[in-house]
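**Student:** predicted model follows, preceded by the sequence.
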Amino acid sequence: MTDSLTLPHPAMAHGGPPSGLPGPGLLPGAGTVPVDLRAHLAMYGPLRTPGGRDGLLREVAGAGLTGRGGAAFPVARKLAAAAEARPAPVVVGNGAEGEPASSKDRSLLWLSPHLVLDGLQLAAGAAGSRSAVLYVPRNERLHGRLAGAIAERAAAGMDAARVELVTAPDRFLAGEESALVSRLADRPALPAYRPVRGLPRLASGRPALVQNVETLAHLALIARYGAAWFRKAGTEAEPGTMLATLHLADGRTSVVEVPLGAGLAGLLGLDRGPGPAEAGAAGPDVPSAFGPVQAVLVGGYHGAWLPAAEAAALPLANAALRPLGALVGAGVLAALPADRCGLAETARVVRYLALESAGQCGPCFNGLPRIAAAVGHLAGPRPDPRARADLERWAGLVAGRGACHHPDGSVRFIRSALRVFAAEAGLHEQGQCSGTDPRPFLPVPATSPATEEDWS
Amino acid sequence: MTGITGSTALWYASRATGVVTLLLLTAVVVLGILVNRQGRLPGLPGFAVTGLHRNVSLLAVAFLAIHVVTAIADPYVTIGIAATVLPFASPYKPLWLGLGAISLDLVAALILTSLARGRMSRRAWRAIHWLGYAAWPLAVVHSIGSSADARNGLVLGVLVGCVLATAAALAWRLSHAAREVPRAGRAAAALSRMSARKAGL
């Protein structure tokens, strides 16, 4: 996306270990420098695996850790499959983070590289593997830091598995598991139809165990402090903490570690404000510590918009979000200020999503551009009143029809926008718009892919 | 013959649905050829061709079912239920009906695998779906062989039209294969096409 790293905002309100959590968290405290190996070991203690491989698998299962890349797949099940796979899998730490609105993985890699590398070694140990890959965005400073950290550990002789750095292209889908597997074979990072079950296989026939880098960092903490410690945060069904990227209504961005189940209102500084009955009279906007908010995007660009008043009453947990069509995903939360046009924001993002189609499945590379053009039309003055019905129909033709979940996630985002910004669409049809600030709010990269080389 | 009577109704129904099924199957094959690459029909979004392909397939299957059921139920000839799926088991015109039975089996395989598409490997589904290209010519030969009407007049015209339409679609496909937009540029090309169309409104 950008050459400079997007790092936690210096003024982040919630930095460091989340309140109420024992022991150190995933990120060092606000304002601190990234940790070297000595500081890392001083802070977290030596890496131990009590009870060996079985002990680790037991602790992870007891902790209920799920993948933090967005899909929330149980880590214990994946590790168990990897332990049985023959030949031993290549273990991959996925830090591609193609989502432009998320910067938690690169923040973690920059600030706590040794926690991720610890987790990578633990996963390799559980899988009985001696080769590991760290898949990270194209960024020289980040590469330099990670190469240094890997060399530091090699010099200390603490790692059993050799770690190789592989560069992810700046593509939305670069971190999709099958695209990653394709990239490891030196082919373009394009998604493929996934195998029906089991671990994905590399071109060599060797299976791959792919885990998000934050998941690996949690693994490193669970190995040290145990399942019971991990479960002190979060909910019964969704235990532990997660890193979230917050886009506050004043335009600032921060990365914070929060317990699952934390209230969205507290994270985004939203007032719980008037009850639902009064909310109707006061209009849809909700005051926040960073300015009035009209809607909240939950789960990033494959996630969903929720009206601000509805979001203010919800926790960051799939149990509460899924029934509303939203999901925790990779922890992206954006509070859209009241003075922006939600349709214009949606149109920019949908255009980006359409251009990020890998161009492999017809419904995706024909359908998403068509939908993007229609959303752009809807965001403009006096759109055709039939455009909304057309969009709903086309969305239904695209969902579930791709090799990967790009069409499905995009459709979820678009449908939620049609729902949440229905009143705005009505205004546009009358030639009006409630947006007074034309500056873009959600981050969208300017470039789009043109050649196959853009995917490698 | 003196028009449709109680005893000839089934015979006519079987004939008529056979002709309609052939027309629909031809449409399915033509749409399938267009779907597979970046084909489009005038006035229809590219990806809607996919939906049309599926819906016309469903319609063809409905007509095919009536065609087969009426043929068995018709007392004029003895075919037997087994012969509808077992090739060359029919006492009446075993060769021509046998080709129809094979075609029916292939169509059934296509339907079943497409229903289970989410649960099977993409490669296996694709391989079986290619059998569609065998089902269609079998159905054409079955039509010519089993029906004397198909050798002249209107029905012959329909048959020739079906063959020409499929041949044209194949020719278009082969000539366009060389001019395809590379994967990475497809969405951008589609978006600029859509935007140009909107601007032209």
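**Tutor:** Nice, I can see it.
**Student:** all helices for chain B, in order.
**Tutor:** Under the criterion DSSP state H, chain B contains helices at B:9-36, B:48-73, B:82-85, B:94-115, B:122-129, B:132-146, B:153-177, B:183-200.
**Student:** mind listing what's buried in the second one?
**Tutor:** When you say that, I think you mean helix B:48-73. Neighbour-count burial for helix B:48-73, counted by 16 or more other CB atoms under 10 Å in any protein chain shown, picks out B:48-53, B:56-57, B:60-61, B:63-64, B:66-72. Using the backbone N, CA and C atoms, a C-beta is placed for each residue, glycine as well.
**Student:** which of those come close to chain A?
**Tutor:** B:A48, B:V49, B:T50, B:G51 (CB under 8 Å from any CB of the partner chain).
**Student:** I'd like those residues as a markdown table, with pLDDT appended.
**Tutor:** Listed next are these as a markdown table, based on pLDDT from 0 to 100:
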| residue | pLDDT |
| --- | --- |
| B:A48 | 73 |
| B:V49 | 76 |
| B:T50 | 75 |
| B:G51 | 77 |
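**Student:** and the residues you listed, which is closest to B:R119?
**Tutor:** Within these, proximity to B:R119 (CB to CB) peaks at B:T50, which comes in at 20.0 Å.
**Student:** any idea how chain A splits into domains?
**Tutor:** Following automatic domain parsing, one finds the domains of chain A at A:37-230, A:241-337, A:342-440.
**Student:** start to end distance for the longest one?
**Tutor:** The one in question is domain A:37-230. End-to-end distance of domain A:37-230 (CA to CA, to the nearest Å): 23 Å.
**Student:** cool, and the second one?
**Tutor:** End-to-end span of domain A:241-337 (CA to CA): 27 Å.
**Student:** tell me the contacts of A:T215?
**Tutor:** By CB atoms under 8 Å, 6 or more residues apart in numbering or on different chains, the residues touching A:T215 are A:L65, A:T66, A:G67, A:R68, A:G69, A:V75, A:G119.
**Student:** quick check, pLDDT for it.
**Tutor:** Here, the pLDDT recorded for A:T215 equals 97.
**Student:** and it, what element?
**Tutor:** Per DSSP states H and E: A:T215 is located in helix A:213-225.
**Student:** please save the CA atoms from that helix in PDB.
**Tutor:** What follows is helix A:213-225, C-alpha atoms only, in PDB (Å, rounded to 0.1, in the frame of the first residue of the first chain):
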ATOM      1  CA  VAL A 213       1.000 -13.600  12.300                       C
ATOM      2  CA  GLU A 214      -1.200 -12.300  15.200                       C
ATOM      3  CA  THR A 215      -2.400 -15.900  15.800                       C
ATOM      4  CA  LEU A 216       1.200 -17.000  16.100                       C
ATOM      5  CA  ALA A 217       1.900 -14.300  18.600                       C
ATOM      6  CA  HIS A 218      -1.100 -15.500  20.700                       C
ATOM      7  CA  LEU A 219       0.400 -19.000  20.400                       C
ATOM      8  CA  ALA A 220       3.700 -17.700  21.900                       C
ATOM      9  CA  LEU A 221       1.800 -16.200  24.900                       C
ATOM     10  CA  ILE A 222      -0.400 -19.300  25.500                       C
ATOM     11  CA  ALA A 223       2.700 -21.500  25.500                       C
ATOM     12  CA  ARG A 224       4.200 -19.300  28.200                       C
ATOM     13  CA  TYR A 225       1.200 -18.400  30.400                       C
END
